[in-house]
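Undergrad: structure for this input, please:
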Amino acid sequence: MNPQTLIETLQAQNFDYWLDKMLDEVPETVDTREGSIIYDAMAPAATMLAENSLQEAEAVKQIYKSTAEGEALDWHATDSGTARQTATTAQVMAKFTDSNGEPIHNVEVSDQFASVSDDPIFYTVATVNEDGTAVLTADVAGTDPNSYLGQILPVTPNDALSWAEIIEVSVPARDDEDDDHLRSRLLSSNSYIAYGGNVADYADMLAKITSVGAGQIYPTWQGGGTVKLVILDNDLLPASKELIKQVQSQIDPAPEDEGYGLAPIDHVVTVVAPEVLKINVTSTVSLSPDATLGVVTGKIQNGIATFFGKLREKWATLDSKTGRGYSLTVYRSQLLAEVMKIEGVVNASLPMLNGQEEDVSLIFTNELSQLPEVGEVMISE
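TA: Predicted coordinates:
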């Protein structure tokens, strides 16, 4: 009996289960109807036994990694030598100008700013650039600051400042790791030991950098001792220049190959972002009488965008056939399945991708690593 079956069996042992089980042992000559002496005597015991069964089910649930939740799952992580990934803070790029629209240069590290909203997000200046921009770090952890672009107001007084604006979320944040993701990490099989700059070692390095959402490792991409790391941010989008610079500094800062970062001595590491491959999707649908093309099209666009998000989650997975290299294909049949899930769609044509009636296989070579992104979704009747 597997843990889940055992849990369900124990949870099914409720008041009625235990009362019926006890009453079955009473001779038929004794009155066992509700309100009888024997019924009223056994009912409290049945209640206690049912509560005990629920406690046993909860204990079994928390004993196994596959079913544990919350704090119990954290203990399993500790036993496995890891921990739940905590929420990180977003880093944004902001520009500052005077009343003439010219950059100002008197913004200093530790100056504070706030977003314009009923529930403002506060930021602290982390680094100042020569071009009048600066990198700000959100004071609150989590993904809320990932979606804010626009004006920010000074908390630290600055008489020269006329306008301040966030122009880019350079390093998106992530929320606390949820139970499902942590459990998946704990249950994933990895027969390779991270050691001495092997592929598993670089995968471990990237996993420990909280601003990196996913990464691909290309060993010896330009000969012995060279490694290329292709990375995404926590939104699973191509890493910004700022994020690439930070990861490069942590893994192999200048002077290269001298072991001043995480990379072993004599390893020259290059950190880059993937090239985005936009894929336009075209399909013809048949609708139910009560459906309208405009409403259905919006739902289809959202569904396909979610599908591409799931593709990007698989982007850093090694080819299942070879165990080496990366492989990812956008299948038309899977997109058709997403279209057919939409309420109001009764039939649909096999979608065309970038105007072609064929699946799209992404390129993963030493020279080019592609990331799929949905382009224009065109739906007609």
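Undergrad: next one, pLDDT for Ser189 please.
TA: The model reports Ser189 with a pLDDT of 65.
Undergrad: could you chop the protein up by domain?
TA: Residue ranges for the domains of the chain, per automatic domain parsing: 3-64, 91-171, 189-272, 275-380.
Undergrad: tell me the strands beside the lengthiest strand in the chain, with direction?
TA: Within the chain, and with DSSP state E defining each element, the longest strand by residue count is strand 275-287. As defined by DSSP bridges, the strand partners of strand 275-287 come to strand 345-348 (antiparallel), strand 352-353 (antiparallel), strand 370-380 (parallel).
Undergrad: and the helices in this structure?
TA: Taking DSSP state H as the test, the helices found in the chain are 3-11, 15-23, 37-63, 70-79, 179-187, 199-208, 241-251, 293-314, 332-340.
Undergrad: re the thing from before, ok, residues contacting the longest strand of the chain?
TA: Identification of contacts with strand 275-287 by Cβ atoms under 8 Å, 6 or more residues apart in numbering yields 238, 293, 296, 300, 304, 308, 330, 335-336, 339, 344-355, 360, 362, 368-381. C-beta coordinates here come from the backbone N, C-alpha and C atoms, glycine included.
Undergrad: buried sites along it?
TA: Across strand 275-287, burial judged by 16 or more other Cβ atoms under 10 Å covers 277, 279, 281-283, 285, 287.
Undergrad: can I get the helices of the chain in JSON lines including mean neighbour count and distance to Ala134?
TA: Shown next, in JSON lines, are the helices of the chain (neighbours: other Cβ atoms under 10 Å; distance: least, Cβ to Cβ, whole Å):
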{"stretch": "helix 3-11", "mean neighbour count": "15", "distance to Ala134": "52"}
{"stretch": "helix 15-23", "mean neighbour count": "15", "distance to Ala134": "64"}
{"stretch": "helix 37-63", "mean neighbour count": "15", "distance to Ala134": "47"}
{"stretch": "helix 70-79", "mean neighbour count": "14", "distance to Ala134": "37"}
{"stretch": "helix 179-187", "mean neighbour count": "15", "distance to Ala134": "33"}
{"stretch": "helix 199-208", "mean neighbour count": "18", "distance to Ala134": "27"}
{"stretch": "helix 241-251", "mean neighbour count": "18", "distance to Ala134": "11"}
{"stretch": "helix 293-314", "mean neighbour count": "16", "distance to Ala134": "30"}
{"stretch": "helix 332-340", "mean neighbour count": "17", "distance to Ala134": "42"}
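Undergrad: between these, which one is nearest to Ala138?
TA: Ala138 lies closest, by Cβ to Cβ, to one member of the helices of the chain: helix 241-251, at 14.2 Å.
Undergrad: just checking, what packs against that closest one?
TA: strand 91-97, strand 163-171, strand 226-232, strand 268-272 (3 or more Cβ pairs under 8 Å, 6 or more residues apart in numbering; DSSP states H and E).
Undergrad: please find the angle between the direction vectors of that helix and strand 226-232.
TA: Here the directions of helix 241-251 and strand 226-232 differ by 140 degrees (axes from the mean of the first three to the mean of the last three Cα atoms, to 10 degrees).
Undergrad: Phe364 against Gln216, yeah?
TA: Yes: judged on Cβ atoms under 8 Å, Phe364 makes contact with Gln216 at a distance of 7.2 Å.
Undergrad: between the strands paired with strand 275-287, which one is closest to Ser99.
TA: Ser99 lies closest to strand 370-380 among those, at 39.3 Å (Cβ to Cβ).
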